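Student: need coordinates for the following:
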Amino acid sequence: MTSARLAILDVIRSGNHPGTDEITTAVRAGTDEITTAVRDRIGYVTLQGVYEALAALTSAGLIRRIEPAGSPARYEGRVGDNHHHIVCRRCGAVADADCVGLAPCLESASHAGYLVDEAEVAFWGLCPECQQARGQQARGQQARGQQARGQQAPTPSWPAASSPGQESP
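Tutor: Okay, the predicted model is just below:
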């Protein structure tokens, strides 16, 4: 294996599902983690070289290409196990979601004669950072709406803490 492919493999294995757009932009600008790390290790690498390395590494089963709906392809170094992915609807972050049970973890009603060895599932939602940002945005909108109506924001009322053995009022 060439030093460029080894460097790309190492960076993908240590990254978080980098996408082809990130890789392409990085190769052109030399600013993303994959290209910077590869160039630091081996010197210059071309865009074509990155794509050829990604194809070769995927074909060899050393990395996995995933394609969440509406997103460019992404790559990961976690291969050969039974896991899926969860994708943030807001920022596009991708995380691994371990499957419970034996592969494939989903059963179809009919296999139409196929020997099924894998099921691909993508879970969608909001990552913790986007949930927090969304909550802050909602609280800000609520406060602005109350100010516009001349209302004061409600003060939370929490029940008094009780001692062990006592019930809260």
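Student: which segments of the chain make up each domain?
Tutor: 1-80, 81-105+114-149 (automatic domain parsing).
Student: pLDDT of the last one, averaged?
Tutor: The average pLDDT for domain 81-105+114-149 rounds to 81.
Student: could you pull out the helices for the chain?
Tutor: 3-14, 20-29, 33-42, 47-59, 128-148 (DSSP state H).
Student: how about the fourth one: buried residues?
Tutor: By neighbour count with 16 or more other CB atoms under 10 Å, helix 47-59 contains the buried residues 49-50, 53-54, 56-57. C-betas here are computed from N, CA, C, even on glycine.
Student: pLDDT and distance to residue 74 added to these, as JSON lines?
Tutor: Shown next, in JSON lines, are the buried residues of helix 47-59 (pLDDT from 0 to 100; distance: CB to CB, whole Å):
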{"residue": "49", "pLDDT": "83", "distance to residue 74": "19"}
{"residue": "50", "pLDDT": "84", "distance to residue 74": "14"}
{"residue": "53", "pLDDT": "90", "distance to residue 74": "15"}
{"residue": "54", "pLDDT": "92", "distance to residue 74": "11"}
{"residue": "56", "pLDDT": "96", "distance to residue 74": "17"}
{"residue": "57", "pLDDT": "95", "distance to residue 74": "13"}
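Student: for residue 134, state which of those residues is nearest.
Tutor: Nearest to residue 134 among the buried residues of helix 47-59 is residue 54, at 33.6 Å by CB to CB.
Student: distance of that closest one from residue 136?
Tutor: From residue 54 across to residue 136, the span is 37 Å (CB to CB, to the nearest Å).
Student: cool, and residue 119?
Tutor: 37 Å.
Student: which one's more surrounded, the two?
Tutor: residue 119 (14 against 10; other CB atoms under 10 Å).
Student: hang on, isn't that one packed against residue 106?
Tutor: Yes - assessed by CB atoms under 8 Å, residue 119 is found in contact with residue 106 at 4.1 Å.
Student: distance between the ends of stretch 75-91?
Tutor: 17 Å (CA to CA, to the nearest Å).
Student: stretch 115-133 now?
Tutor: End-to-end distance (CA to CA), stretch 115-133: 44 Å.
Student: so residue 75 sits against residue 17, correct?
Tutor: Yes - look at residue 75 against residue 17 with CB under 8 Å: they come within range, at 7.0 Å.
Student: what sits in contact with each of those two?
Tutor: With contacts defined as CB atoms under 8 Å, 6 or more residues apart in numbering, the residues shared by residue 75 and residue 17 are residue 66.
Student: can you pull the contacts of residue 93?
Tutor: 16, 87, 127, 129-130.
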